[in-house]
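Peer 1: show me the folded form of this:
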Amino acid sequence: MGENVKRGEPGVRVVIAEDSVLLREGLTRLLADRGYEVVAGVGDGEALVRAVGELAARGEAPDVVVADVRMPPTHTDEGVRAAVRLRAEHPAVGVLVLSQYVEEQYATELLAGSSRGVGYLLKDRVAEVREFVEAVARVAAGGTALDPEVVTQLLGRSRKQDVLSGLTPREREVLALMAEGRTNSAIAGRLVIGPGAVEKHVSSIFVKLGLSQSDADHRRVLAVLRYLDS
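Peer 2: As a prediction, this is how the structure comes out:
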């Protein structure tokens, strides 16, 4: 177990699905060096589903899966298909998918189910080691991690009147940062405003999007999904 795991905390269990052996080994080393326990590494979608199923059957299900969107045999959508299947069959397992560029259809499909434990990052984000590792931890803990580019494209793909038309420019900025998985304090720091102002904007977003009282983290993702459903 890596030296970064302190105070007896158990390592986060990870399965990596990436057909490039070089990248798969690199991700394994990067995470292992930071205290994560990489329990399996596979090269295609079917192997990913099989590996998670076998681990779960032994009571050793991973906390999170990191998977490439495109994998063999066709290198189209095998990875995201496997990710969607895992979210249905093993809802307690977080799923973080990596893509070379934003593929709106895949992002939408991945986000269409439960809002817990899901992430979509561009592969370039892996180069930002701290952000990538934080994203893995956030998804493993049941949170959300969306690449800023993914958020930008999903929120900007329609120029027609939609459910976001009632939001102010500042509320749209807050919503985009919420969708990236940032906390209120992190949003306050990014926008250089007070925490109280962020809370006011978030509450206003929920009201304008017609989101009823529920778990706060759940509503943060639903705020983005409400746009995707429009």
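
Peer 1: where does pLDDT dip in the chain?
Peer 2: In the predicted model, the chain carries pLDDT under 70 at residues 1-10, 104, 112-115, 151-163, 212-222, 224-230.

Peer 1: show me where it has strands.
Peer 2: Counting by DSSP state E, the chain has strands at residues 13-17, 37-42, 64-68, 94-99, 118-122, 144-146.

Peer 1: those strands: which one's closest to residue 54?
Peer 2: Minimum separation from residue 54 across the strands of the chain (C-beta to C-beta) falls at strand 37-42, 8.6 Å. To be clear about C-beta, it is placed using only N, CA and C from the backbone, and glycine gets the same treatment.

Peer 1: so which residues of the protein form helices?
Peer 2: 21-32, 45-57, 78-89, 104-111, 129-140, 148-156, 169-179, 184-191, 195-208, 216-228 (DSSP state H).

Peer 1: which one of the ones you listed lies closest to residue 67?
Peer 2: Using C-beta to C-beta, those put helix 78-89 closest to residue 67, at 4.7 Å.

Peer 1: for residue 41, which non-adjacent residue is closest in space?
Peer 2: Counting by C-beta to C-beta, 6 or more residues apart in numbering, residue 16 is the residue found nearest to residue 41 once chain neighbours are left out, at 4.7 Å.

Peer 1: beta partners of the one you found?
Peer 2: Following DSSP bridges, residue 16 is listed with bridge partners residue 41, residue 66.

Peer 1: you'd agree it is up against residue 38?
Peer 2: Yes - under the criterion of C-beta atoms under 8 Å, residue 16 makes contact with residue 38 at 6.1 Å.

Peer 1: more neighbours: the two, which one.
Peer 2: When residue 16 and residue 38 are compared for neighbours, residue 16 comes out ahead with 27 against 21, by other C-beta atoms under 10 Å.

Peer 1: how far away is that one from residue 37?
Peer 2: 12 Å (C-beta to C-beta, to the nearest Å).

Peer 1: now residue 67
Peer 2: In this view, residue 67 and residue 37 are 17 Å apart by C-beta to C-beta.

Peer 1: between those two, which has more neighbouring residues?
Peer 2: Between residue 67 and residue 37, residue 67 has the larger neighbour count (other C-beta under 10 Å), namely 24 against 16.

Peer 1: pretty sure that one sits against residue 93.
Peer 2: No - assessed by C-beta under 8 Å, residue 67 is found out of contact with residue 93, at 11.1 Å.

Peer 1: residue ranges of each domain in this structure, please.
Peer 2: Using automatic domain parsing, the domain parsing of the chain gives 13-146, 158-228.

Peer 1: so which of those is the most packed in?
Peer 2: Neighbour counts (mean count of other C-beta atoms under 10 Å) averaged over each of the domains of the chain peak at domain 13-146, with a mean of 19.

Peer 1: quick one: it to chain centroid distance?
Peer 2: Mean-position distance between domain 13-146 and its chain equals 9 Å (C-alpha atoms, centre = their mean, to the nearest Å).
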